[in-house]
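Visitor: Fold the following for me, if possible:
(chains A and B)
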Amino acid sequence: MNRIATLSRSEFTLLGRNRLLLFNAIVLPLIFPVGMLYLSRDGGLSDKSVSAGLEVFALFLLVFVVFYNLLSVYATRRDELVLKRLRTGECSDAEILAGPAVPSWVLTALLTVVIGIAVMVLGGSAPVNPVLVLVAVIGGAALFTALALITSAVTRNAEAAQITCMPILILATAGMSSIRNVVPDNIARILDFTPLAAVVDLLNLGWLGRTTGELADLGDAPGAAAGFVDTFGSAGQPLLVMLAWIVGSVLIANVHFRWEPRS
Amino acid sequence: MKGDPVIDVVGMSRRYGSGKEAFDAVRNLDLSVQEGELFGLLGTNGAGKTSTLEVIQGLSRASAGTVRVLGRDPVRNRKQIRPSLGIMLQKGGLPQDLTARESLAMWAGTCSNPLPVDEVLERVDMRDRGDTRVKFLSGGEARRLDLACAIVGRPLVLFLDEPTTGLDPESRRNTWQLIADLKASGVTIMLTTHYLDEAESLCDQLAIMHRGSVVRSGTVADVVADHPAQIKLHRPGLPLPALAGAEVRVENDLVLITTRTVQETLTELLLWAQHNDVLLTGLDARAASLETVFLSIADQFDHHATLEGASA
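Guide: Below is the predicted model:
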C-alpha cells in the first residue's frame, strides 16, 4: 500500500508539471456538461437534460481523464524505462501499474462529486439509486484503465498515443445514447454492448431510475420512474457488459502488456 | 572456511526465440560468488553479460540449469529475495520530469528499509544537484543517481551494470571509493565493466565471457598468470638469435616476442645486442595485464570461429 502511495505521489507531481494534461484532466470534463446543463435549465432540469449532461460528462471523464491520460502515462513510463526499473525492485506488477493510475482515479471521484452537485444546484433530481451511480463510475474507471493498458501495448510514446487512442475513442463514442437512438434498432442493440453504453445505461438507471431507451421515448407526461429496488432489475445487462469488458481487457493486457520498449 | 555462495549458477543457459531462430545468449554457464566478494563479469559486447545478470536478478528465466541467489530461486522466490538486492541497470529508468531528489525518494519509497534520501545523495556527490530535473542531468550525474537508487535500499547483494560509463575521471574515482566502502561493509557485489583497469583494481574474482560462455575465471593474478609477457622492438639490422622458451613473430618493422620467462628472455636479448653492437630501438617489455589477456581472448576465439566458419 505504501509503495502505491509513493508511486502515485510522484505521478501527482508529474501531472502538476504538465499543464496540457492538467487542463485536459480538470477543465475539459466539466466545461461541456456544466455548460449544457446550465443552458438547458427551464425552471429546473428535465430528466432528459440531466441524462444528456451526465452522458457527456462520462464520455470526457472516462476517455480523457482515465483512458487518454493513462495511455500517455504508461507509454511514457515505459519509454523512460521506469517500468523496467520498477520491475527490478520490490513492487509487484499490479502495484507498478496501479500507482500511476491513482491520480486519474482520484480526479474521477472528485469530478463526479462536482458534477453531481452541479446537477442538483441547477435543479435536477437527486440520484434514485446512488449505489448504481457509484458502480457506473468506479466500474467505468476500471474498464477504461484496462483499455489504456491494452492500447499502451501498441503505443511507443506519448506522441504515438494521439493516434493509437482512436479505436477506443470511436468505440466509446459509438455507445452514446444520441447515436444509439438514431441508428436502426438492430445496430443500436449491438452498440448496447460497447463500454460507454454500459456506463451510460447504469448512470441513467442510478440517477434517474430509467433505462436509456425509456428516456429517449419520454413524452410530455412521463410515467413514474423506477424506485431504488426496481432499478437493480434493469441493471443486469449493463453490469454484465461492463464486467465482461473489464475481465477481457485485463486478460489481454496480461498477455500483451510490454514492460520495456521494443529494441 | 567458506559458507554457501551468495550467488550460485550451475549449467545455466539463456535462449532467445525458438526453432531455427533460436539463439543462445548464454551457454552452460557456471559461476559462484562468495559473501562479501566483489565479482567482475567481463566480456566483449554481446558476450552475454547482461543476459547473465538478468537471469541472476530474476528478471528473466534460465532456459536450463539452476540459479540460486542467497540460497533461493530468483524468479520463484522473488518476493523474499528482492528486498536484499540492489540493481543498477545499464540505463536510466527514472521519470524525466521529476527532480533527482524526487526520483530517488520515489525509488526509496518502494524499498522495505531505505536509507535517508539526502544521505544517499551526499554519498554519490549529488546533493547540490538534488533539485535538478532528471532530464537536465549530465550522463555522469544520471549514472550516479542510478547508483544512489541501487544502494538506497541497503542491499546485501549489489549488481552494477557498467557503473562508471560516462563518468569523468574524478567521479570515477569517487565511485570506486564508494564501491570499495560498500564492499568493506560486507556487501556482495557483482559488476560488469568495459574498463579493464577498473576490474583490475576492484575485483576479487572475475570471469571473462565470450560468446555466451566463461572462457577465463579466477583472481586477476590467476587470469593473468596463464598469460605470457610480451616484448616489442623495432626490427634490428641483424637476425635475432634463438631465444629459449620464447616465440618470435615479425610484423612489418616490428618484432613481437612472447615469453613466460620475461627476465631470462630479456637478458638474453640485451646481451646479444651488446655483443653484436646492435642498438635496440622501440624496446618495450610488459607483463601480461588484464587488457592483454582480454584482447588475446577476443582475437584467439574469433580466429577459431572464423576457421570453423570457413570449414563448415
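
Visitor: Show me which residues of the helix or strand of chain A with the lowest mean pLDDT are buried.
Guide: Least confident element among the helices and strands of chain A, by mean pLDDT, DSSP states H and E: helix A:228-234 (a mean of 78). Buried residues in helix A:228-234, counted by 16 or more other CB atoms under 10 Å in any protein chain shown: A:231, A:234. Yep, even glycine has a C-beta here, placed from its N, CA and C like the rest.

Visitor: Tell me which helix or strand comes right after it.
Guide: Using DSSP states H and E, the helix or strand that follows helix A:228-234 in sequence is helix A:236-256.

Visitor: and that next one, how far out from the chain's middle?
Guide: Helix A:236-256 has its average C-alpha position 14 Å from the chain's average C-alpha position, going by CA atoms, centre = their mean, to the nearest Å.

Visitor: What helices and strands are in contact with it?
Guide: helix A:130-152, helix A:195-208 (3 or more CB pairs under 8 Å, 6 or more residues apart in numbering or on different chains; DSSP states H and E).

Visitor: how near is the residue in the stretch 151-300 of chain B that chain A sits nearest to to residue A:7?
Guide: Evaluated by CB to the nearest CB, the stretch 151-300 of chain B has residue B:153 as its residue closest to chain A, separated by 7.6 Å. Distance, residue B:153 to residue A:7, by CB to CB, to the nearest Å: 15 Å.

Visitor: Where does pLDDT dip in the chain?
Guide: Picking chain A for this. Across chain A, residues meeting the criterion (pLDDT under 70) sit at A:1, A:219-223, A:263.

Visitor: was after chain B, sorry
Guide: B:1-2, B:301-312.

Visitor: and residue B:42, that one's in a helix?
Guide: No - under DSSP: H, G, I helix; E, B strand; the rest coil, residue B:42 sits outside any helix and is assigned strand.

Visitor: Which residues of the stretch 1-150 of chain B lie near chain A?
Guide: Counting by CB under 8 Å from any CB of the partner chain, the stretch 1-150 of chain B comes close to chain A at B:57, B:59, B:82-83, B:85, B:87, B:89, B:91-98, B:102-103, B:105-107, B:109-112, B:149.

Visitor: Any idea which residue is closest to the centre of chain A?
Guide: Nearest residue to the geometric centre of chain A (CA atoms, centre = their mean): residue A:62, 2.5 Å.

Visitor: For whatever residue of the stretch 101-250 of chain A ends up closest to chain B, which non-adjacent residue is closest in space?
Guide: Nearest residue of the stretch 101-250 of chain A to chain B, counting by CB to the nearest CB: residue A:158, 11.2 Å away. Excluding its sequence neighbours, the residue lying closest to residue A:158 (CB to CB, 6 or more residues apart in numbering or on different chains) is residue A:72, at 4.4 Å.

Visitor: how many degrees apart are the helix or strand harbouring that neighbour and helix A:236-256 in direction?
Guide: Using DSSP H and E, residue A:72 sits in helix A:69-79. Counting by axes from the mean of the first three to the mean of the last three CA atoms, to 10 degrees, helix A:69-79 lies at 10 degrees to helix A:236-256.

Visitor: and helix A:69-79 with helix A:130-152, angle?
Guide: Counting by the same axes, to 10 degrees, helix A:69-79 lies at 40 degrees to helix A:130-152.

Visitor: Next secondary structure after helix A:69-79?
Guide: Using DSSP H and E, the helix or strand that follows helix A:69-79 in sequence is helix A:82-87.

Visitor: what's the distance between residue A:245 and residue A:100?
Guide: For residue A:245, the distance to residue A:100 - CB to CB - is 21 Å.

Visitor: Compare the two (neighbour count), which wins?
Guide: residue A:100 (26 against 23; other CB atoms under 10 Å in any protein chain shown).

Visitor: Surely the more buried one is in contact with residue A:73?
Guide: Yes - when contacts are counted by CB atoms under 8 Å, residue A:100 is listed as touching residue A:73 (4.8 Å).

Visitor: Tell me the residues that contact both of the two, please.
Guide: residue A:11 (CB atoms under 8 Å, 6 or more residues apart in numbering or on different chains).

Visitor: Which of the three states applies to the closest residue to residue B:108 other than its chain neighbours?
Guide: Nearest residue to residue B:108, sequence neighbours excluded (CB to CB, 6+ apart): residue B:114, at 3.8 Å. Assigned with three-state DSSP, residue B:114 falls in the coil class.

Visitor: Let me know how buried residue B:114 is, in neighbour terms.
Guide: Count around residue B:114 with other CB under 10 Å applied: 17.

Visitor: Next: residue A:241.
Guide: Neighbour number of residue A:241 under other CB under 10 Å is 21.

Visitor: Spatially, what comes nearest to it if we skip its sequence neighbours?
Guide: Nearest non-adjacent residue to residue A:241, counting by CB to CB, 6+ apart: residue A:198, 4.1 Å away.

Visitor: Which residues are in contact with that neighbour?
Guide: By CB under 8 Å, 6+ apart, the neighbours of residue A:198 are A:139-140, A:143, A:175, A:192, A:238-239, A:241-242, A:245.

Visitor: Can you flag the buried ones in the residues you listed?
Guide: Buried among the contacts of residue A:198 (16+ other CB under 10 Å): A:139-140, A:143, A:175, A:192, A:238-239, A:241-242, A:245.

Visitor: Mind splitting chain B into its structural domains?
Guide: Per the record, chain B has its domains at B:7-95+B:153-224, B:226-311, by automatic domain parsing.

Visitor: So which of those is the most surrounded?
Guide: domain B:7-95+B:153-224 (a mean of 19; mean count of other CB atoms under 10 Å in any protein chain shown).

Visitor: Tell me the secondary structure at residue B:36.
Guide: Under three-state DSSP, residue B:36 comes out as coil.

Visitor: Just give the nearest non-adjacent residue to residue A:216, would you?
Guide: Using CB to CB, 6+ apart, the closest residue to residue A:216 is residue A:181 (4.6 Å).

Visitor: before we move on, what about residue A:208?
Guide: residue A:47 (4.9 Å).

Visitor: Contact partners for that neighbour?
Guide: By CB under 8 Å, 6+ apart, the neighbours of residue A:47 are A:125, A:208, A:210, A:215, A:218, A:222, A:225.

Visitor: Ranking by neighbours, what's the top pick from these?
Guide: Going by other CB under 10 Å, residue A:208 tops those with 26 neighbours.

Visitor: ok, it to residue A:111 distance?
Guide: In terms of CB to CB, residue A:208 sits 20 Å off from residue A:111.

Visitor: Is residue B:26 in contact with residue B:9, as I believe?
Guide: No - in this structure residue B:26 lies outside contact range of residue B:9 using CB under 8 Å: 9.4 Å.
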